[in-house]
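1. how would this look folded up:
(one chain, ligands or ions: 1)
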Amino acid sequence: MDRYAVIGHPVEHSKSPLIHAAFAQQTGQQIEYGKILAPLDGFAATVASLREQGYAGANVTVPFKFEAYALATELTERARVAGAVNTLSFKGSDILGDNTDGVGLVRDIEHNLAVPLAGKRVLLLGAGGAAEGVLGPLLATMPSRLCIANRSVSKAESMVARAKPVDVLLEACSFEALAGQVFDVVINATSSGLSNERLPLTAGLFADGALAYDMVYGRETPFMQYAREEGVRQIADGLGMLVEQAAEAFYLWRQVRPQTAPVMTMMRAL
Ligand code: NDP
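-> Here you go, the predicted structure:
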């Protein structure tokens, strides 16, 4: 039986084992999937130990996605663009690094929530690992405009500077500079929801019929409350992204694509 695990610090809260167990049951794949708490200074040693034990691959979560990128001996194009890796496949002496976060987010928004991104004005809040991971796939959907706003503006500016040139108006700014601007899709990729902190966003940010999306899942965040106060009707958390990025990793490892809708329903019922 092939073994996989999610490596993180902390990792106890991770829902990945439940999701992959559900995918395995649904597709008849024989796999084992666990959680590994790696010491903050011991990511590479943890990966080496898993490989020695014969693991076939691993998912990587906070705070190791950049280390996983550095450790991979081969990278997919989307991982290279993201500069971060959330999925590792162990093949002999090679470690293949991929990033499935962006495709997971785009699939959740466009397919599950039925919001096409082409031609839309998109605001990405945050410039950390999650924002880096989704930038390439978001740009590939060809919004008319993509604005990255971050507390530390220089990080957003450096994301814009490093992005592959595409025919999309791509800008970086502070939260304060968003006053008076209007967007069709606003994605919160900051971790502010985890600490229940409210972002300094002013009224009038959402266009009619806008989507407000928070990558944090399993709780009503201050960003979601703010969107509700602003009259936004379509508000989503990041559970769909989580399940979709996992499905892409499962496909990479097993070459079988699981159905995500029943797994999302199961996860929401927990
Ligand atoms: P990082 O630590 O790399 O980045 C954190 C980001 O949040 C930075 O942009 C940081 O700004 C910003 N931030 C944190 N606190 C505040 C605050 N109080 N006010 C304003 N900005 C703040 O984290 P990640 O990018 O890896 O993750 C971000 C979130 O996305 C997490 O909550 C994570 O759980 C979620 N996530 C969800 C996934 C899913 O599948 N649903 C997948 C991946 C991530 P600054 O640069 O100024 O410090």
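2. please make it C-alpha for all contacts and neighbour counts, starting now.
-> Fine.
3. next to the ligand, which bits of this structure? Give me the list.
-> Neighbours of the ligand within the chain, by C-alpha under 6 Å from any ligand atom: 62, 101, 126-131, 150-152, 189-192, 194, 197, 199, 215-216, 238-239, 241-242.
4. tell me the buried residues within these.
-> 101, 126-127, 129-131, 150-151, 189-192, 199, 215-216, 238-239, 241-242 (16 or more other C-alpha atoms under 10 Å).
5. what about those, which are in helices?
-> 101, 129-131, 239, 241-242 (DSSP state H).
6. what is the nearest of those residues to Glu157?
-> Within these, the smallest distance to Glu157 is 12.6 Å, found for Ala131 (C-alpha to C-alpha).
7. low pLDDT regions in the chain?
-> Within the chain, no range satisfies pLDDT under 70.
8. can you pull out the helices in it?
-> Using DSSP H, helices in the chain cover 16-27, 43-52, 65-71, 77-82, 101-107, 129-140, 153-162, 222-229, 239-254, 261-269.
9. and the ones you listed, which is most packed in?
-> Mean neighbour counts were compared across these using mean count of other C-alpha atoms under 10 Å; the top stretch is helix 101-107, at a mean of 24.
10. who are the packing partners of it?
-> helix 129-140, helix 239-254 (3 or more C-alpha pairs under 8 Å, 6 or more residues apart in numbering; DSSP states H and E).
11. with distance to Tyr69 added, can I get the ones you listed in TSV?
-> Shown next, in TSV, are the helices and strands packed on helix 101-107 (distance: least, C-alpha to C-alpha, whole Å):
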stretch	distance to Tyr69
helix 129-140	11
helix 239-254	15
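12. Ala210 is nearest to which of these?
-> It's helix 129-140; of the helices and strands packed on helix 101-107, that one is closest to Ala210 (C-alpha to C-alpha) at 16.5 Å.
13. got the CA coordinates for the closest one in CSV?
-> Taking C-alpha atoms only, helix 129-140 is exported to CSV below (Å, rounded to 0.1, in the frame of the first residue of the first chain):
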residue,chain,number,x,y,z
GLY,A,129,2.7,31.9,0.4
ALA,A,130,-0.9,31.3,-0.4
ALA,A,131,-1.2,34.5,-2.6
GLU,A,132,2.1,33.6,-4.4
GLY,A,133,0.7,30.1,-5.1
VAL,A,134,-2.5,31.4,-6.7
LEU,A,135,-1.2,34.4,-8.7
GLY,A,136,-0.2,32.5,-11.8
PRO,A,137,-3.4,30.4,-12.2
LEU,A,138,-5.5,33.6,-11.4
LEU,A,139,-3.7,35.5,-14.2
ALA,A,140,-4.2,32.6,-16.6
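14. by how many degrees do that helix and helix 153-162 diverge?
-> Relative orientation of helix 129-140 versus helix 153-162 (axes from the mean of the first three to the mean of the last three C-alpha atoms, to 10 degrees): 40 degrees.
15. buried residues in stretch 23-42?
-> 23-24, 31, 33-36, 38.
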